[in-house]
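In: A structural model of the following input is requested.
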Amino acid sequence: MRPLGKVLCATGIIAVLLAFFWKDTFNPESLSGARVLLTGASAGIGEQMAYHYARFGAEILLTARREAVLQKVMEKCLTLGAKKVFYVPADMSSPSEPEKVVQFAVQKLGGLDYLVLNHIGNSPFQMWNGDVEYTRWLMQVNFFSYVALTTAALPTLEKNKGSLVVVSSLTGKIPTPFTTSYSATKFALDGFFSSLRHELIMQKRNISVTLCILGLIDTDTALEKTRGKVYLTASPAAEAALAIIQAGATKVQEVFYPWWLQYTCSLWVLFPCHRNQVLQSYYNYSSP
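Out: Down below sits the predicted model:
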């Protein structure tokens, strides 16, 4: 057997053993009455997280740009069993919005146990076109607003021994084609929140940081953008949302969904020689 084949075989065996011996410590009752601020809650993974939190009996503050859609999500959350639900429209491209959202959440919920950062700005799936201003805008939405929301929420999270849950992407671990600006924002998230986790631990501040690494998810937006451009199967948004919530509740440092992405990242580091050719083979590019 070739060296690469041996490593792949060993990786597969390890994955099977981990899956067999892994104990799920998630207790749904721990989320009953939990106070959650959830961003990007109007559609996709954020909407599915809102419904899961509602079923677990949480108290939720939803935020996104579209007020009419937020109201519909709020109404469904109430029918699913949420103890309390509020919403506040906010545009995270505005530097002043994050602090206002956190203040509103604390006022309505009396504090926060979870800050779940999930929103993203619209990002075309295309080759880099040199638009620097767009990249600055996307950094504000996908990165700087995350930092601002976190900064505003740290006092209440520390008081309540709370959790920061940051939704990121495989493109924040492995750079991929057609995602130059988006990938940059996700690498920034990984660097900032991984470093912040160290600092919180060193300062003995009882706040957990969970970074969620997602692959291609079957949201309407993602499917529309990648159709005909990638040879990958999308994973269910509802399952991704539940994996994120469970990871935050059990305070794990990182969660990969689907789970095998973790081994993809390992192989990316271990085998640098041919990884670019292998990665590019999953993308469809026709020269203009």
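In: quick one: stretch 44-54 to chain centroid distance?
Out: From the chain centre to the centre of stretch 44-54 is a distance of 12 Å (C-alpha atoms, centre = their mean, to the nearest Å).
In: and if you look at stretch 141-156?
Out: Worked out by C-alpha atoms, centre = their mean, stretch 141-156 lies 14 Å from the chain centre.
In: tell me which residues of it come out buried.
Out: 141-150, 152-154, 156 (16 or more other C-beta atoms under 10 Å). In short, each C-beta sits where N, CA and C put it, glycine included.
In: repeat for stretch 115-131
Out: 115-121, 123, 125.
In: out of the buried residues of stretch 141-156, who's nearest residue 284?
Out: residue 142 (25.1 Å; C-beta to C-beta).
In: quick one: the helices in the stretch 51-200 of the chain?
Out: According to DSSP state H, counting those that start in this stretch, the stretch 51-200 of the chain carries its helices in the segments 67-80, 97-109, 132-139, 145-159, 180-202.
In: give me the pLDDT for the residue nearest to the spatial centre of the chain.
Out: The chain has residue 167 as the residue nearest its centroid, 1.2 Å off, counting by C-alpha atoms, centre = their mean. Confidence at residue 167, expressed as pLDDT, is 98.
In: any idea how far residue 40 is from the spatially closest residue to it that is not a sequence neighbour?
Out: Nearest residue to residue 167, sequence neighbours excluded (C-beta to C-beta, 6 or more residues apart in numbering): residue 118, at 4.3 Å. If you measure residue 118 against residue 40 using C-beta to C-beta, to the nearest Å, the figure is 4 Å.
In: my guess is the residue nearest to the centre of the chain contacts residue 217, does it?
Out: No. Shown here, residue 167 and residue 217 do not form a contact pair, counting by C-beta atoms under 8 Å, at 10.1 Å.
In: which neighbours do the two have in common?
Out: Residues touching both residue 167 and residue 217 (C-beta atoms under 8 Å, 6 or more residues apart in numbering) are residue 45.
In: which residues do residue 118 and residue 40 both contact?
Out: By C-beta under 8 Å, 6+ apart, residue 118 and residue 40 have these common neighbours: 46, 167.
In: doesn't residue 36 lie inside a strand?
Out: Yes. According to DSSP: H, G, I helix; E, B strand; the rest coil, residue 36 belongs to a strand.
In: burial check on the closest residue to it other than its chain neighbours, number of neighbours?
Out: Excluding the flanking residues, the one nearest residue 36 by C-beta to C-beta, 6+ apart is residue 114, at 4.4 Å. Neighbourhood size, residue 114 [other C-beta atoms under 10 Å]: 25.
In: what stretches of the stretch 51-200 of the chain score poorly on pLDDT?
Out: Across the stretch 51-200 of the chain, nothing is flagged by pLDDT under 70.
In: mind listing what the residue nearest to residue 98 when sequence neighbours are not counted touches?
Out: Leaving aside its sequence neighbours, residue 98 sits nearest to residue 148 (C-beta to C-beta, 6+ apart; 3.8 Å). Contact analysis of residue 148 by C-beta under 8 Å, 6+ apart lists 95, 98-99.
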